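1. build me a model:
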Amino acid sequence: MSRVSNQHLSTHFAVRSVLVVSLLATMLWAISAKPKELERFDIDAVFQAGTPDLSSSTPQGDRQSINGEVFDLELWHMPEIIQPEVQRPVVQIARPNLQLMAILMSASNEQQPDRYAVIYDQDNDQVHDVRIGAQIGPYSVRRISESEVELQDGSRVAVLELDLLEPRP
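-> A predicted model of the protein is given here:
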């Protein structure tokens with residue numbers, strides 16, 4: 001037991017010694033470092049009426065002027081993101097008296113979430129909570145996406161879209 005303790009103490013002493021030496025070296029370096037002499041800048045000369053001189057001297061003695069063109073440089077280029085066009089089949093569109101109020105997703109399956117749609121039937125003054133395959137009058141729910149619901153009545157298809165703008169009065 002004393003052998004382990006002695007070994008532990010010697011390791012602890014060595015680590016402390018290295019830390020003390022590095023701390024002393026850092027302190028000596030900080031004390032011995034000479035501060036750089038900076039060129040004095042007269043801010044009042046910039047704001048005097050007349051010609052403001054916004055140039056700076058370089059170590060070689062020549063002058064470079066600063067102007068707004070420096071900020072117009074294109075440092076990087078953002079490529080355009082091209083969205084593929086979705087081809088929708090041409091179908092006869094029916095105009096049901098239905099209003100899509102909301103689309104909800106269940107968290108039961110993250111890979112393919114189960115979507116629900118809330119649709120207001122203005123003819124019957126009813127609110128329907130529907131999934132794919134449900135019936136609302138003569139219409140069957142064919143597809144529910146993030147922002148629209150497709151309803152089918154035989155060969156006729158109706159697309160209800162969410163009103164994502166400001167609410168109506």
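
2. can you show me the CA trace of stretch 96-104 as CSV?
-> Output of stretch 96-104 as CSV, limited to C-alpha atoms (Å, rounded to 0.1, in the frame of the first residue of the first chain):
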residue,chain,number,x,y,z
PRO,A,96,-66.5,21.3,-53.7
ASN,A,97,-67.7,23.6,-51.0
LEU,A,98,-65.0,22.4,-48.6
GLN,A,99,-62.3,24.4,-46.8
LEU,A,100,-59.0,22.9,-45.6
MET,A,101,-58.4,24.2,-42.1
ALA,A,102,-55.3,22.2,-40.9
ILE,A,103,-53.0,19.3,-41.6
LEU,A,104,-51.6,17.4,-38.6
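
3. longest helix anywhere in the protein?
-> helix 2-32 (DSSP state H).

4. mind listing what's buried in that helix?
-> For helix 2-32, burial by neighbour count (16 or more other C-beta atoms under 10 Å) applies to no residue. Any C-beta I mention is one placed from the backbone N, CA and C, and that applies to glycine too.

5. now swap in stretch 134-143 and tell me
-> So stretch 134-143, judged by 16+ other C-beta under 10 Å, has buried residues 134, 136, 139, 140, 141.

6. ok, for residue 120, nearest residue in space, not its chain neighbours?
-> Residue nearest to residue 120 in three dimensions, not counting chain neighbours: residue 99, with 4.5 Å by C-beta to C-beta, 6 or more residues apart in numbering.

7. ah, wrong one, I meant residue 115
-> residue 144 (4.2 Å).

8. isn't the one you found right up against residue 133?
-> No: Residue 144 lies out of contact with residue 133 (C-beta atoms under 8 Å); the separation is 10.3 Å.

9. the helices in the protein, which residues?
-> Secondary structure of the chain by DSSP H: the helices cover 2-32, 43-47.

10. quick one: which of these is nearest residue 105?
-> The closest of those to residue 105 is helix 2-32. By C-beta to C-beta, the value is 56.0 Å.

11. tell me the mean pLDDT over the closest one?
-> The pLDDT scores in helix 2-32 average 82.

12. same check on stretch 39-59?
-> pLDDT averaged over stretch 39-59 gives 58.

13. now render the helices of the chain as JSON lines, adding distance to residue 153.
-> Shown next, in JSON lines, are the helices of the chain (distance: least, C-beta to C-beta, whole Å):
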{"stretch": "helix 2-32", "distance to residue 153": "81"}
{"stretch": "helix 43-47", "distance to residue 153": "75"}
